[in-house]
Structures are given as C-alpha cells and as structure tokens.
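the following block contains a protein sequence and its predicted model.
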Amino acid sequence: MKEYYFVEKEGWVFTVERNDKISIPSSRKEVKFPFEIKSKIVSCPEYTVYYCTTKTERLDSNWIFKDDICVMDNVDKILRKATNMTYVRPSVLAIIEKNNKILMVKSTRGVSKGFWNLPGGFIDYMEKPEDGLKREVKEETNLDVKKMKLFGVYNHKFENPNVNHQYYMYGFVYLCEVENEPRVVDDEIEEIKYFSVEDAIKNTKNEFVKMALQDLKKQNKRIKAVVFDLDNTLIDFMKMKTLASESAISAMKDAGLEIDYQKGLRILKELFKEYGIENQRIFNIFLEKVLGKVDYKILSAGIVSYRKVKESFIEPYPNVIPTLIELIKRGYILGIVSDASRIQAWTRLCGMKLQHFFDFVITLDDTGVMKPDKRVFDTVKRKLNLRGDEIVFVGDDLVKDINGGNKAGFKTVFAKYGHVKTKIGIKHPNKKIKPDYTIKDIKDILDIL
C-alpha cells in the first residue's frame, strides 16, 4: 500500500510535483527536514495518508498556503482530499436534564447512524454555536432552547468507515433549559429517550458525549455542601413584608394618621428602597416624612400591627423541609448565608422550625458586608475548608446570590420561585447573569444533585 505524508506548519503545507500535478511526499526521502507523524487521516485500499508536523523554520517555494489548495487547478486528488480531512469541524451538543436523566436521540443517518447521541450537530457557515445548537435541538426534538450555558469544549478524532476518512472535531457542549415536550419531527431521528447518566455513557459511541457526561458525573459527585440564601429562598420574605406593611399603614390610619392608603404604601415602599428593607426605624422615618414628627401613638399602632402579621406569617416555602431532610440523608453539609443580622436570621429560622437543619449560619454580623461582596463567599469557603466548585449556592437574587456565587467559583442555582415582583422592594432580573441551574420549586435541587 502506498503511503503519503501531509506535512503542515502554521497553515502551510509541504508539497512536491508529481506527473505535472502538485501533490504530497510519498516517501520520507522527499521531505528534506525532520518531521513527526501525528495521525492517520486517510486510509483506503490504495493508499494511506499520515498527518505530520515539523519544527523546521525554512519555508521555501514547496510550501503552499493551505487555504489556496482548494482553489488550485493543478492539485492531485490525494492532496485535495487530505487537505479537506485536516480542516477542523465544529459541532454543538446539548445536555438536557429532566428528573436526573439525560435526553438522547438515535440518528437514522450520518456518522451517528444507529446509536444514541446528545441532540446537536454541525455548525453551519457563519452560524454562532448558540444559534446552531438551538436549530439542531429544534430539528431533532422539537424542543425550544430557552437558556444555555457552555459546559465544556471537547476535541476528538472520529472515524468514518463509509469513506475511509478520519475527521478531527471540536464539540461545544452546553447545559440547556428547554420548553415543550420532545418528539420526533424529522426522518433524521429514529427515537428519543431519557437515560440515566450511567446508561447514556454506556449507550453512546460518541466520544464527545462520553467525555462530557463523565465530567457531568464527576461534577455532581464533587459537590459537598449546599448553601442557601434565607429570605425568598427558604421563606417568602417579600410576601410577608408586603402584608405586614399593608397592615401597618391601615393600623396607623385607624390611630389617626390622615393619609391616602395607596399613597402611604407608596411612600413606605420608597423608604424601604432608600434606607434598606431591614431598617429598624423605618416607621419613625415614615412619620417624620409624612407628619414632620413622630407621633408615638400612631407609631406604636403601626409597629404592633406590623409585628403581629410578620410573626404569624413566618413559614417556609412548600417542600423546604422534605428537601432539607433528603439532602441531609445524602450526606451534604447544609448552610445559610443571609444579609440579615444574626438575631433576625436566627429568629426566622426558629420561627420556621428550621434551626436544627443547618451546620452553620453566616450573617451580616459575621462578615460586615453584604452579598455579592467577595468576602461573604470567601467566608463560606474558609468555614467549610472547600473549593468553590465543591459548593452549591441557592438564592433568589441574580445580582447578590448568583453573580456573587459565580465570581466565587460556586455552582449556582437560581430560585426562580422566590424572584417575584412585589409591592415592596421590587426586584428586576438581570439577563446577563447566568446561573448554572434554575429551579421552580426547591425540591428540584434534588434532581440537580
């Protein structure tokens, strides 16, 4: 069998002339400098082509720029074919999880024919990887990708036995959140099915998929601690604050405050935003703004009504307690990080009967600063003696919890159920901040872990 050597250096290819055509060396003697065989790129009954590299610094007229080869008329088929094989092919793949299982598709054609693969495919000319992923997932599963985050980039040499070629490919693998239910919509896909991570690895021949899912498996095993924000993550704090504030305004009006109810609520909301949601003198400030002084009869009526509603409302979100119990059973360290003071945080935890679930509670009194300050998250790492990638941080605030956690290297989980607009302290989502995961119920953390 004839052997050929495709020698490349920084986009230039070493060539020889044979039968009035430009070709590549068919013997080592034709190459006048040291080179190293890296891989076999073409293997057929007639000949084999090896991909080679060199450290030589001398590039003479025998060297041709690789991109020019495809448009030259006097190039033989061996050089043309070998050149084509050495172009890197980019592809995209989607990791779509549901109930701790991975969505896989079985193809009816192409290099993936007959075996299970992650949804995805080749990126088209001038197409962004993210746009290619959305297109491929839609074509293969009818799912709409709503959010994605790059999980990893993998490279591998793939065999195509149908044409005796080897392709070198890069795979951009994304973690995806989707809408709709998957279904076969194209004759390219034979079947769609969810697998456990272990079964998905066993059932695929795609090395990208194996590498990505092995990394996913390692990542999930690596997590040792789960840390929660308190307000609007474990307790519906903003709803409690709104109801208590509404009750306080009504009580102050009953005690003699002459003000329109909606106007009073609007002023109180503005003061919360200006002086802080936890300000202990907020009603003093409110009366000084409205009356120009503090009327202690009206003040006391407002405070008593506010506290009565606040104390009667303290209860966790649905599924908080069974989720915490399951996390403890699985062996995770559990913690709380709150911008509230130590007494406020512990009062709420005791009011919800959650004080015994957590291994540690870090508050504003412990750090002296609020999230997303790096020092808050550094305190967590020091407390646990763990790296950021061994900790999951769950919170409802994209800026304080998610962005702060991302910068500290934590795995972040956005508690979407707690991120709501309320009459007091409206929060606005920041679309540029991307969590690792998003959950609509606290129990969904169990699927992630």
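That came through fine. Here the structure is a predicted model, which means the values were calculated and not measured.

for residue 392, give me its contacts.
Residues in contact with residue 392 (Cβ atoms under 8 Å, 6 or more residues apart in numbering) are 223, 225, 226, 227, 410, 411, 412, 413, 445, 448, 449. Glycine gets a C-beta too; all of them are placed from N, C-alpha and C.

need the contact list for the first one.
It refers to residue 223. 332, 390, 391, 392, 411, 449.

quick one: the helices in the stretch 151-300 of the chain, in order.
Counting by DSSP state H, counting those that start in this stretch, the segments of the stretch 151-300 of the chain that form helices are 197-203, 207-222, 237-254, 261-275, 282-291, 296-313.

who touches the third one?
Helix 237-254 has contacts (Cβ under 8 Å, 6+ apart) with 230-232, 259, 261, 264-265, 268-269, 272, 277, 283, 287, 298-299, 301-310, 313-314, 348, 418, 420, 422-425.

same thing with stretch 34-52?
Contacts of stretch 34-52 (Cβ under 8 Å, 6+ apart): 1-8, 24, 53-56, 78, 81-82, 85-86, 157, 164-166, 168.

switch the cut-off to 6 Å
The contact list for stretch 34-52 (Cβ atoms under 6 Å, 6 or more residues apart in numbering) reads 1-7, 53-54, 82, 85, 164, 166.

cool, stretch 361-378 as well?
Identification of contacts with stretch 361-378 by Cβ under 6 Å, 6+ apart yields 336, 337, 338, 339, 341, 342, 345, 379, 400, 403, 404, 408.

can you list the weak-confidence ranges in the chain?
The chain contains residues with pLDDT under 70 at 111, 159-166, 220-221, 312-313, 420-431.

could you list the domains of it?
2-85, 89-222, 225-236+316-448, 237-313 (automatic domain parsing).

out of these, deepest packed?
domain 225-236+316-448 (a mean of 19; mean count of other Cβ atoms under 10 Å).

distance between the ends of that domain?
Using Cα to Cα, to the nearest Å, the end-to-end distance of domain 225-236+316-448 comes to 13 Å.

then stretch 18-28?
15 Å.

how about residues contacting it?
4, 5, 6, 15, 16, 31, 74, 75, 76, 78, 79.

run the last query once more with 10 Å
2-7, 13-17, 30-32, 35, 37, 47, 49-50, 52, 62, 64, 69, 72-80, 82-83 (Cβ atoms under 10 Å, 6 or more residues apart in numbering).

from these, which land in helices?
Under the assignment DSSP state H, the contacts of stretch 18-28 contribute 69, 77, 78, 79, 80, 82, 83 to helices.

and the second one, how far is that from residue 351?
The reference is to residue 77. Separation of residue 77 from residue 351 (Cβ to Cβ, to the nearest Å): 79 Å.

could you do the third one as well?
Plainly put, residue 78 is 78 Å away from residue 351 if you go by Cβ to Cβ.

next: residue 282.
From residue 282 to residue 351 the distance is 20 Å (Cβ to Cβ).

start to end distance for stretch 226-244?
Using Cα to Cα, the two ends of stretch 226-244 sit 31 Å apart.

would JSON lines of the contacts of residue 223 with distance to residue 356 be doable?
Shown next, in JSON lines, are the contacts of residue 223 (distance: Cβ to Cβ, whole Å):
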{"residue": "332", "distance to residue 356": "15"}
{"residue": "390", "distance to residue 356": "24"}
{"residue": "391", "distance to residue 356": "21"}
{"residue": "392", "distance to residue 356": "21"}
{"residue": "411", "distance to residue 356": "25"}
{"residue": "449", "distance to residue 356": "21"}
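
nearest to residue 105 among those residues?
Of all the contacts of residue 223, residue 449 has the smallest distance to residue 105: 25.6 Å, by Cβ to Cβ.

and the closest one, how many neighbours?
Counted with other Cβ atoms under 10 Å, the neighbours of residue 449 add up to 17.

pretty sure it sits against residue 326.
Yes: if you go by Cβ atoms under 10 Å, residue 449 and residue 326 touch, sitting 9.3 Å apart.

any shared contact partners between those two?
residue 332.

same for the longest strand along the chain, what does it pack against?
Using DSSP state E, we find that the single longest strand of the chain is strand 144-160. With contacts taken as 3 or more Cβ pairs under 10 Å, 6 or more residues apart in numbering; DSSP states H and E, strand 144-160 sits against strand 36-43, strand 89-98, helix 129-141, strand 165-179, helix 207-222, strand 437-439.

adjacent strands (with direction) for it?
Neighbouring strands of strand 144-160 in its sheet, by DSSP bridges, are strand 165-179 (antiparallel).

want to throw the helices and strands packed on strand 144-160 into TSV with distance to residue 386?
Below are the helices and strands packed on strand 144-160 laid out as TSV (distance: least, Cβ to Cβ, whole Å):
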stretch	distance to residue 386
strand 36-43	40
strand 89-98	24
helix 129-141	32
strand 165-179	22
helix 207-222	10
strand 437-439	19
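
so which of the ones you listed gets nearest residue 122?
Among these, the nearest to residue 122 by Cβ to Cβ is strand 89-98 (5.3 Å).

could you identify the helix or strand that succeeds the closest one?
Where DSSP states H and E defines the elements, the next helix or strand beyond strand 89-98 is strand 101-107.

taking the contacts of stretch 361-378 together, which two end up most distant?
Maximum pairwise distance among these (Cβ to Cβ): 24.6 Å, between 342 and 403.

how far off centre is stretch 22-29?
Taking Cα atoms, centre = their mean, to the nearest Å, one finds stretch 22-29 lying 48 Å from the centre of the chain it belongs to.

apologies, that question was intended for stretch 72-85.
Distance, centroid of stretch 72-85 to centroid of chain: 42 Å (Cα atoms, centre = their mean).

from residue 6, how far off is residue 122?
23 Å.

could you do residue 45 as well?
Taking Cβ to Cβ as the measure, residue 45 falls 19 Å from residue 6.

cool, and residue 337?
Going from residue 337 to residue 6 by Cβ to Cβ gives 57 Å.
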